[in-house]
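Q: kindly generate the corresponding structure for this input.
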Amino acid sequence: FLGVSLVSREEFRRNVECGILVDGLNLVVTIVLLYAVGIIGAVWALLVSEIVGTIYYLRYMRIGLGSLRGSEMLRRVTESLLLLAVVLLDATMSNVDQLFLLKFFSKQQFGIYSLGLAFQGIAQSIASVFMGTIQPRVMSLAGEGRHPEVSRLVDSTVTLFLVLSLASLTLLIPA
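A: This is a model prediction of the structure:
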C-alpha cells in the first residue's frame, strides 16, 4: 500500500530505494540470524526488514486520516478484504507444488528445491530493481510519443539484465 502510494505521487526513486533497502537488509539479516538462532532467524529477518521498510516509507508519506469517513472506510475495508482473498488464493496456488513435493521428495531433495526457490526469489528481486528504475523513464518517453527511444532503452536494459543473469549463473550453478 505504501509503495503504491509513493508511485502514485510519482516518487519512483523513494519506492525503489525502499525495495532495495528491504531486500538487502532481509538478505544480510537472514544470513546472520540463520547462523545465530537457526531457521526461525529467517522469520525474524523478514519481520525486521519489513518493519524497517515500513518506517522508511512512512518518512515520506503524508496520509490524511481526517479525510476518512465511516462509510468510505467501510467500502475500502470491503474492497481490501476482497483483494486479500485474491492474494491468499494466489499464494496458495503458487505453493501447491511444494505440498506435492513435500509428500513425494525426501527432506534433502525438498531442501535443495527450497534453496533453488530462494535463488529464484533473489533473481526476481534483481529483475524488480531493473523494472523499477526503468519504468518511470519508459513511461515518460512513451507519453511524449518517443517510441524509438523507448524501444532502445528497453532493449538495452533487457540485454544488460540477460548478460548479468548469465554471468551470475556461472557462479550460482557450482554453488
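Q: flag the shaky bits of this protein, pLDDT-wise.
A: 62-69, 175 (pLDDT under 70).
Q: show me where it has helices.
A: For the chain, helices defined by DSSP state H occupy the ranges 2-8, 12-37, 40-60, 70-104, 107-143, 147-172.
Q: tell me what angle the fifth one forms with helix 40-60.
A: Relative orientation of helix 107-143 and helix 40-60, computed by axes from the mean of the first three to the mean of the last three Cα atoms, to 10 degrees: 20 degrees.
Q: now helix 107-143: buried residues?
A: Ser125, Gly132, Ile134, Pro136, Val138, Leu141 (16 or more other Cβ atoms under 10 Å). C-beta coordinates here come from the backbone N, C-alpha and C atoms, glycine included.
Q: what would those look like in CSV with distance to Gly41?
A: Listed next are these as CSV, based on distance: Cβ to Cβ, whole Å:
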residue, distance to Gly41
Ser125, 19
Gly132, 28
Ile134, 34
Pro136, 36
Val138, 39
Leu141, 44
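Q: contact partners for the residue nearest the centre of the chain?
A: Closest to where the C-alpha atoms of the chain average out (Cα atoms, centre = their mean) is Ser125, at 5.8 Å. Contact partners of Ser125, counting by Cβ atoms under 8 Å, 6 or more residues apart in numbering, are Gly19, Asp23.
Q: run a quick neighbour tally on Ala42.
A: A total of 17 residues lie near Ala42 under the criterion other Cβ atoms under 10 Å.
Q: then the one 10 residues further on?
A: With neighbours defined by other Cβ under 10 Å, the count for Val52 comes to 16.
Q: and for the one 5 residues further on?
A: By other Cβ under 10 Å, 19 other residues sit near Tyr57.
Q: tell me, how many neighbours does the residue lying closest to it once chain neighbours are set aside end up with?
A: With Cβ to Cβ, 6 or more residues apart in numbering as the criterion, Tyr57 has its nearest non-adjacent residue at 3.8 Å, and that residue is Leu2. Burial of Leu2 is recorded as 17 neighbouring residues (other Cβ under 10 Å).
Q: of all the buried residues of helix 107-143, which two lie farthest apart?
A: Pairwise distances across the buried residues of helix 107-143 (Cβ to Cβ) peak at 25.3 Å, for the pair Ser125 and Leu141.
Q: contacting residues around the residue nearest to Tyr57?
A: Thr54, Tyr57, Leu58, Met61.
Q: any of the residues you listed buried? List them.
A: Tyr57.
Q: tell me the one among the contacts of Leu2 nearest to Ser165.
A: Tyr57 (28.9 Å).
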